[in-house]
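J.: Below is the sequence, then the predicted model.
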Amino acid sequence: GGRCPPPPPAEPQPLREEPPPPRRLSSTVEVELPEAVRLMEAETLAALSGGGRCCDELPLPMEEVGCDYGIVVYETELPAGGGGPLQVSRLRDRLLAFVD
């Protein structure tokens with residue numbers, strides 16, 4: 001017996017309902033940026049987030065942390081020497097993975 005080919009990708013489905021309009025910002029955060037900035041440094045992230053952080057066992061969707069647009073930075077520590085592929089499930093828009 002040979003292996004069956006994978007099924008074709010699912011067809012995109014239309015939205016069930018119209019998404020709500022974007023929320024208005026409750027406040028603005030002023031950040032002075034030089035010509036270049038190290039995005040992943042704690043000081044930069046704190047300035048851009050307005051001090052907001054949350055912790056959870058698993059990464060929460062952007063909407064559940066009160067972020068309707070922009071970026072959310074998730075970070076974790078992995079055991080040394082693990083190796084192997086990075087597997088991500090339920091990804092919807094975009095993922096940039098940085099390994100230090």
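T.: Nice, thanks for sending it over. Numbers count the residues shown, from 1 in each chain.

J.: alpha carbons only for contacts and neighbour counts from here, please
T.: Noted.

J.: As a check, name the ranges of all helices in this structure.
T.: Assigned by DSSP state H, the chain shows helices spanning 42-49.

J.: just for the chain, where's the confidence low?
T.: The model of the chain has pLDDT under 70 over residues 1-4, 15, 50-52.

J.: what's the distance between the closest residue to T44 other than its chain neighbours and L45?
T.: Spatial nearest neighbour of T44, excluding adjacent residues (C-alpha to C-alpha, 6 or more residues apart in numbering): R38 at 7.0 Å. Between R38 and L45 the computed distance is 9 Å (C-alpha to C-alpha, to the nearest Å).

J.: Have a look at these two and say which one is more surrounded.
T.: Between R38 and L45, counting by other C-alpha atoms under 10 Å, L45 is the more crowded of the two (17 against 9).

J.: how close does the more buried one get to P20?
T.: Applying C-alpha to C-alpha to L45 and P20 gives a distance of 28 Å.

J.: same thing with D100?
T.: Distance, D100 to P20, using C-alpha to C-alpha: 38 Å.

J.: So these two - more neighbours on which side?
T.: Shown here are D100 and P20; by other C-alpha under 10 Å, P20 has more neighbours (6 against 3).

J.: With the flanking residues excluded, which residue is spatially nearest to the one residue sitting closest to the centre of the chain?
T.: Nearest to the mean C-alpha position of the chain, counting by C-alpha atoms, centre = their mean, stands V72 at 4.5 Å. Leaving aside its chain neighbours, V72 sits nearest to M62 (6.6 Å; criterion: C-alpha to C-alpha, 6+ apart).

J.: What's the separation between the one you found and P79?
T.: 26 Å.

J.: Check the spacing between the residue nearest to the centre of the chain and P7 real quick.
T.: Distance from V72 to P7, counting by C-alpha to C-alpha: 33 Å.

J.: One more: P59?
T.: In this view, P59 and P7 are 29 Å apart by C-alpha to C-alpha.

J.: one step back: between M62 and P79, which is the more surrounded one?
T.: Between M62 and P79, counting by other C-alpha under 10 Å, M62 is the more crowded of the two (14 against 6).

J.: Thanks again, I'm all set now.
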